[in-house]
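J.: Generate coordinates for the sequence data below:
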Amino acid sequence: GLQACEATIESAVEDTIGSQVEAFGREDFPAAYDMAAPDFQSEVSLDEFEGVIRDGFVPLMNVASFSVSQCLYDPAKARVEISMTLVTAAGVAGSLRYSLVSVPQGWRILGAVPNPQSQQAS
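T.: As a prediction, the model looks like this:
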């Protein structure tokens, strides 16, 4: 079952998300794609990935700061779910719920969806 993340796991997961956010900030989609899990990469090409981000996740390309919370770990699946709250350079806040999996290279991102608990009308 799910359990609260240990600090070491939460920190490593935050580093992975941070690496991807930094890559998005410089529009380095190959580097951002490298932070995606192999399962994600096998289903979504780099071009498709860039399109998805440019269409639906524009705030991720303009993050001034972010924090993580509500980290849950499933040891049996080597998976983590974590909430990420961001503020863009324009001062817009957003929140995403990330899913990550532990692979030999480290924690890699399976996906992210808007966080239902904090959805604010735009």
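J.: make it CA atoms for all contacts and neighbour counts henceforth
T.: Will do.
J.: Could you pull out the buried residues of the top helix by length along the chain?
T.: Counting residues, the longest helix found in the chain (DSSP state H) is helix 7-25. Residues of helix 7-25 classed as buried: 9-10, 13-14, 16-25 (neighbour count, 16 or more other CA atoms under 10 Å).
J.: Distance of residue 85 relative to residue 60?
T.: Look at residue 85 and residue 60: by CA to CA, to the nearest Å, they are 11 Å apart.
J.: Could you do residue 67 as well?
T.: 13 Å.
J.: neighbour count winner among the two?
T.: Shown here are residue 67 and residue 60; by other CA atoms under 10 Å, residue 60 has more neighbours (22 against 13).
J.: That one: what's it in contact with?
T.: 21, 24-25, 53, 88 (CA atoms under 8 Å, 6 or more residues apart in numbering).
J.: pLDDT score for it?
T.: Per-residue pLDDT puts residue 60 at 95.
J.: Please apply the same query to residue 115.
T.: Reported pLDDT for residue 115: 86.
J.: Surely it touches residue 95?
T.: Yes. The pair residue 115 and residue 95 qualifies as a contact (CA atoms under 8 Å) at a distance of 5.3 Å.
J.: Need the residues touching each of those two.
T.: residue 83.
J.: out of those two, which sits in the busier spot?
T.: residue 95 (22 against 17).
J.: Now the more buried one: closest residue in space that isn't a chain neighbour?
T.: residue 85 (4.3 Å; CA to CA, 6 or more residues apart in numbering).
J.: what bridges to that neighbour?
T.: residue 67, residue 95 (DSSP bridges).
J.: gap between it and residue 112?
T.: Taken as CA to CA, the span from residue 85 to residue 112 is 12 Å.
J.: Okay, now the unreliable bits of the chain?
T.: The chain contains residues with pLDDT under 70 at 117-122.
J.: What segments of it are strands?
T.: Assigned by DSSP state E, the strands in the chain fall at 3-4, 63-74, 79-88, 93-103, 106-114.
J.: Switch these over to a markdown table; also include distance to residue 35.
T.: Output for the strands of the chain, formatted as a markdown table (distance: least, CA to CA, whole Å):
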| stretch | distance to residue 35 |
| --- | --- |
| strand 3-4 | 23 |
| strand 63-74 | 17 |
| strand 79-88 | 14 |
| strand 93-103 | 10 |
| strand 106-114 | 5 |
